[in-house]
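**Student:** pasted the sequence and its predicted model underneath.
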Amino acid sequence: MLKEYYRDDLNAREAKEEIQKLTFYPMMFQASRIIKSTGILKEVYLNKRKGIFPAEIAEKLNLPLYGVTILLETGLTTGITYLKKNDAFSLTKMGYHLLFDEATNVNMNFTHDVCYNALFDLEESILSEKPAGLKKIGVEADTIYPYLSTLEDTIKKSWFEFDHYYSDRAFPDALKVVFEDKPAHIVDIGGNTGKWSIACCGFNDDVKMTIIDLPGQWEKAKENIISLGLQDRVFGQVGDVLSKDLSLPENVDIVWMSQFLDCFSKEQVVHILSNICNNMGDDTLIYIQDLFWDRQRDFAAAYSLHGTSLYFTAVANGNSKMYHSRDMYEMIDEANLEVIKDVDEVGKFHTILKCRKKK
């Protein structure tokens, strides 16, 4: 458990300073995004040894001196830039990560393109348990998922890059865990663009896959599968996991769900797991791969997951979140399942829970 959640050790001055930072976070976020997108931060990086003055950057990039100065000075406060003895600006380690770290880039684009405007309606979302901010990205509905393939291109790109950045990095470790059981047929629930099913086929020459997902997602996955010539090994079943009559294919060895159950409320998770339990064979295994905030190694990862919970609240569906692992254990138990293997740090951030029917 992260120690930060079990202490309150700031003195009064430190506490007041930190809370004042919080009041301006949205402004500092946009300034940090723009200092990068305009190329200003790149110029600071290229001149980090001797430093560079705002007027030099303004002239080189043909930008207003006022705006360049404002962003560079804001960078002093956010920790992106610092001043040399001659008051020229140089780049900090944080500034370097803002420029070149992939996770930072993915998270920032997701926050800006998908969440930023929508979070203005967070209070309404909290009170109504509906994604009131979803309309800010052009969707008038109760959930984002059926409309992912129809989102505006920039929003869609940032959404999928965010989702895939974390899931894809878990694949190498997850494949080793799953194929210890030598499955012949895996059902990939919430298969999205088909990346996991395709990865399984690349890892094992014999496994058959069935993706269960909504119509729009399956059509996109099918395109990818056909383009790789895997249509004889990867099959699709269109369905809604919240439907009472959703059924599983026959002869399933493993049911796989990655970054999936966090998309639903506790009641819905229990419904989904119970439905799977009631439709699977006695020897079928369920693998749940997810990101639990209490299992993270560092505060930054947990911080990001709590931010993602706010996305679920305001944009995705209004009632799901990134769960504490204890909550998931309770939901698994309520669905008449039991965890028989628990693997942390899968791809650094994920946990895999291997489950079976209670004996």
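**Tutor:** Yes, it's here.

**Student:** any stretches of this protein with poor pLDDT?
**Tutor:** Filtered on pLDDT under 70, the chain yields the residue ranges 1.

**Student:** so what does residue 351 have for phi and psi?
**Tutor:** Dihedral pair for residue 351: phi -120, psi 140, per degrees, to the nearest 10.

**Student:** who are the neighbours in contact with it?
**Tutor:** 289-292, 295, 325, 342-345 (Cβ atoms under 8 Å, 6 or more residues apart in numbering). From N, CA and C alone the C-beta is placed, and that goes for glycine too.

**Student:** if you look at these, which of them are in helices?
**Tutor:** Counted as lying in helices by DSSP state H, out of these, are residue 325.

**Student:** identify all contacting residues around the biggest strand by length in the chain.
**Tutor:** The longest strand of the chain (DSSP state E) is strand 337-346. Outside of strand 337-346, the residues within contact range by Cβ under 8 Å, 6+ apart are 170, 173-174, 177, 273, 277, 286, 289, 295, 297, 329, 332, 351-359.

**Student:** would you quantify the distance from the nearest residue in space to residue 63 that is not next to it in sequence to residue 88?
**Tutor:** Excluding the flanking residues, the one nearest residue 63 by Cβ to Cβ, 6 or more residues apart in numbering is residue 38, at 6.4 Å. Using Cβ to Cβ, to the nearest Å, we find residue 38 at a distance of 19 Å from residue 88.

**Student:** then residue 338?
**Tutor:** 62 Å.

**Student:** can you give the domain ranges for this structure?
**Tutor:** According to automatic domain parsing, the chain comprises the domains 3-100, 172-357.

**Student:** what's the most buried one of the ones you listed?
**Tutor:** Among the domains of the chain, domain 172-357 has the highest mean neighbour count (mean count of other Cβ atoms under 10 Å), at a mean of 18.

**Student:** measure it end to end?
**Tutor:** End-to-end distance of domain 172-357 (Cα to Cα, to the nearest Å): 27 Å.

**Student:** starting at the chain centroid, how far to that domain?
**Tutor:** For domain 172-357, the separation from the chain centroid amounts to 14 Å (computed by Cα atoms, centre = their mean, to the nearest Å).

**Student:** repeat for stretch 19-27
**Tutor:** Taking Cα atoms, centre = their mean, one finds stretch 19-27 lying 23 Å from the centre of the chain it belongs to.

**Student:** neighbouring contacts of stretch 208-219?
**Tutor:** Residues from elsewhere that reach stretch 208-219 (Cβ under 8 Å, 6+ apart): 145-150, 184-194, 197, 200-201, 221, 233-241, 246, 248-249, 252.

**Student:** of those residues, which belong to strands?
**Tutor:** 185-189, 234-238.

**Student:** from residue 50, how far out is the residue lying farthest from the centre of the chain?
**Tutor:** In terms of distance from the mean C-alpha position of the chain, residue 86 ranks first, at 42.2 Å (Cα atoms, centre = their mean). When distance is defined by Cβ to Cβ, residue 86 is 9 Å away from residue 50.
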